[in-house]
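K.L.:
show me the folded form of this:
(one chain, ligands or ions: 2)
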Amino acid sequence: MSVPDRPASGGRVCVVGSGGREHALATVLGRTVDVVVTPGNPGMVGETPEGHTVTVTSEPPEELDADLFVVGPEAPLVDGLADRLRAAGRLVFGPGADGARLEGSKAFMKELLADAGVPTARFGVFTDVAAATAFLRTLPGPYVVKTDGLAAGKGVLVTASLAEAVADVEAKLSGAAFGTAGRTVVVEEGLVGEECSLLVLCDGTRLAPLAPARDFKRLGPGGSGPNTGGMGAYSPLAELDDATVDELVERAVAPLLPVFAARGIDYRGVLYAGLMLTAEGPKVLEFNVRFGDPETQVVLPRFDGDLAGLLAEVAAGRLVTRPRFSPEAAVCVVAAAPGYPDAPRTGDPIEGLDAVDDPAVTVFHAGTRLEGGHLVTAGGRVLGVTALAPTLAGARDRAYRAVARLSWPGMVVRPDIAELAAAAAAATAEPNAQVRTAADPREETVG
Ligand code: AMP
Ligand code: GLY
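P.N.:
Ligands and ions are numbered 1, 2, ... in the order given. The predicted structure is shown next:
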């Protein structure tokens with residue numbers, strides 16, 4: 001590729017990972033470049049409508065040749081993959097191990113937020129049951145107990161019961177529940193409010209937000225059941241217009257930049273702020289150092305432009321493009337294996353993919369593999385079905401219609417993804433305020 005700081009159209013991008021997020025990345029990158037995914041999954045392989053190829057390989061990223069590397073999951077980032085690739089002269093989207101510690105250690109993240117003055121829940125960091133219990137007793141409840149280390153989204157307990165919180169502290173600190181990841185815990189006051197996921201590109205010194213999304217972390221309807229990696233998502237959020245998003249970036253993300261600089265962290269990738277919109281204003285629940293999953297499956301299909309060029313700008317430390325998004329709404333519904341999140345059963349044959357024929361629907365593969373030429377389940381979250389439509393209700397309807405065609409024994413689907421937001425939008429007769437313009441002829445006919 002001839003232009004080193006903008007290796008977009010016509011080049012080759014390597015995506016690291018194998019889930020639904022990486023499938024969405026490959027699909028949208030594949031509008032302008034050929035993509036190779038390592039290790040990838042069978043659903044990704046093919047040619048994009050724009051004529052670019054998506055291939056998968058079991059070769060490790062260090063062995064591959066590409067103009068840009070985009071690292072999907074947190075574990076390889078925490079493990080220093082981006083540093084190793086950069087040391088070999090590669091252009092990489094994703095922070096080094098120093099920046100990735102933000103997600104690798106919740107205690108470190110909380111320390112950075114405190115340094116930066118970013119609003120967050122009151123907290124303490126503990127390795128001792130008695131001290132953690134004493135701190136829990138000072139909180140009004142609900143109570144939150146988190147493993148310090150990575151736990152695939154499952155290391156967080158939110159409970160109204162002090163006894164349950166104390167028991168969870170004991171299980172985590174003893175190593176029984178999460179091994180070494182739980183030997184240090186973060187105990188927090190429980191916040192109340194609506195959550196949103198704000199993904200913000202960072203080239204080391206500049207920030208650019210992507211469209212906000214909301215994901216559904218609990219397994220069951222109405223937020224019942226255990227926390228999962230995410231059972232669905234939608235974008236945009238009616239309550240967060242561009243000006244509000246910019247304010248959130250200023251309050252919750254921008255203060256990190258001087259703290260990074262002071263610590264010598266050159267952060268090039270995406271900062272994912274998990275925010276709670278509380279009565280006292282927005283507060284950061286967590287930072288992740290990678291794209292959200294399944295948020296990516298609703299944010300990127302709405303992205304309007306050359307994603308490879310944009311991510312290359314970030315990787316090169318020359319972010320100049322402000323990302324733009326289609327006014328359409330996107331809804332993603334995840335179909336999971338029975339037993340998810342604790343002990344998903346795998347190896348079940350997946351039926352019905354050929355019957356999904358809606359051009360506004362994309363089925364992203366998350367946990368699938370080929371067995372004897374047939375696609376079978378191979379993980380907790382198996383497929384993510386994303387639909388685009390002018391309204392949230394329309395996108396929701398199309399996504400669930402497509403999901404209804406899919407099946408395997410015991411398939412688990414949360415029935416209420418985007419339900420409240422779609423109903424609220426419909427009730428205000430402003431189906432999707434962001435698709436309306438003054439020139440929209442419907443404007444005159446709405447009371
Ligand atoms: P985290 O991995 O820190 O994002 O936590 C996972 C989920 O737990 C969040 O998306 C929230 O739903 C919930 N959670 C985390 N921290 C808090 C908190 N301080 N108050 C209420 N809920 C929380
Ligand atoms: N959807 C939550 C996450 O990606 O961490």
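
K.L.:
wait, doesn't A329 sit right on D397?
P.N.:
No. Counting by CB atoms under 8 Å, A329 does not reach D397; the two are 11.0 Å apart. C-beta here means a position set from N, CA and C on the backbone, and glycine is covered the same way.

K.L.:
so who does the residue positioned nearest the centre of the chain touch?
P.N.:
For the chain, G292 is the residue whose C-alpha lies nearest the centre (CA atoms, centre = their mean; 0.7 Å). Listed by CB atoms under 8 Å, 6 or more residues apart in numbering, the contact set of G292 reads R21, S197, L199, A213, D215, G230, A233, Y272, V299.

K.L.:
ok so it is a helix residue?
P.N.:
No. When classified by DSSP: H, G, I helix; E, B strand; the rest coil, G292 is found to be coil rather than part of a helix.

K.L.:
from ligand 2, how far off is it?
P.N.:
Using CB to the nearest ligand atom, to the nearest Å, one gets 4 Å for the distance from G292 to ligand 2.

K.L.:
residues of the stretch 151-300 of the chain that sit close to ligand 1?
P.N.:
The interface of the stretch 151-300 of the chain toward ligand 1, taken as CB under 6 Å from any ligand atom, is made up of V156, V158, E188, G190, L191, E195, K217, N227, G274, L285, E286.

K.L.:
now do the helix or strand containing L388, average pLDDT.
P.N.:
Using DSSP states H and E, L388 sits within strand 381-389. For strand 381-389, the per-residue pLDDT values average out at 98.

K.L.:
got the residues of the stretch 251-400 of the chain near ligand 2?
P.N.:
Among all residues of the stretch 251-400 of the chain, those adjacent to ligand 2 (criterion: CB under 6 Å from any ligand atom) are N288, G292, D293, E295.

K.L.:
how many neighbours does the first one have?
P.N.:
Pointing back at N288 there. Here the number of neighbours of N288 (other CB atoms under 10 Å) works out to 22.

K.L.:
repeat for the third one
P.N.:
A count of neighbours around D293, defined by other CB under 10 Å, yields 29.

K.L.:
ok, now how distant is the residue lying closest to it once chain neighbours are set aside from D354?
P.N.:
Sequence neighbours aside, R21 is the residue nearest to D293 in space, at 3.8 Å (criterion: CB to CB, 6 or more residues apart in numbering). R21 sits at a distance of 24 Å from D354 (criterion: CB to CB, to the nearest Å).

K.L.:
between the two, which is the more surrounded one?
P.N.:
For R21 and D354, the more surrounded residue by other CB under 10 Å is R21, and the numbers stand at 26 against 7.

K.L.:
wait, the more buried one touches T296, no?
P.N.:
Yes. Applying CB under 8 Å as the test, R21 and T296 come out as touching, 4.3 Å apart.

K.L.:
can you name the residues bridging to the closest residue to S161 other than its chain neighbours?
P.N.:
Nearest in space to S161, with sequence neighbours left out and distances taken as CB to CB, 6+ apart, is Y143 at 7.6 Å. Each beta-bridge partner of Y143 is listed here: T159, E189, as defined by DSSP bridges.

K.L.:
burial count for Y143?
P.N.:
A total of 25 residues lie near Y143 under the criterion other CB under 10 Å.

K.L.:
with G373 instead?
P.N.:
Close neighbours of G373, defined as other CB under 10 Å, add up to 5.

K.L.:
residue contacts, it?
P.N.:
Counting by CB under 8 Å, 6+ apart, G373 makes contact with nothing.

K.L.:
hang on, the earlier thing: close enough to count as contact, the residue nearest to S161 and L162?
P.N.:
Yes. Applying CB under 8 Å as the test, Y143 and L162 come out as touching, 6.4 Å apart.

K.L.:
what is in contact with those two at once?
P.N.:
When CB under 8 Å, 6+ apart defines a contact, the residues bordering Y143 and L162 alike are L136.

K.L.:
if we can go back for a sec, mind giving me the packing neighbours of the strand holding L388?
P.N.:
Here strand 381-389 touches helix 20-29, helix 296-299, strand 329-336, strand 361-365, helix 392-403, going by 3 or more CB pairs under 8 Å, 6 or more residues apart in numbering; DSSP states H and E.
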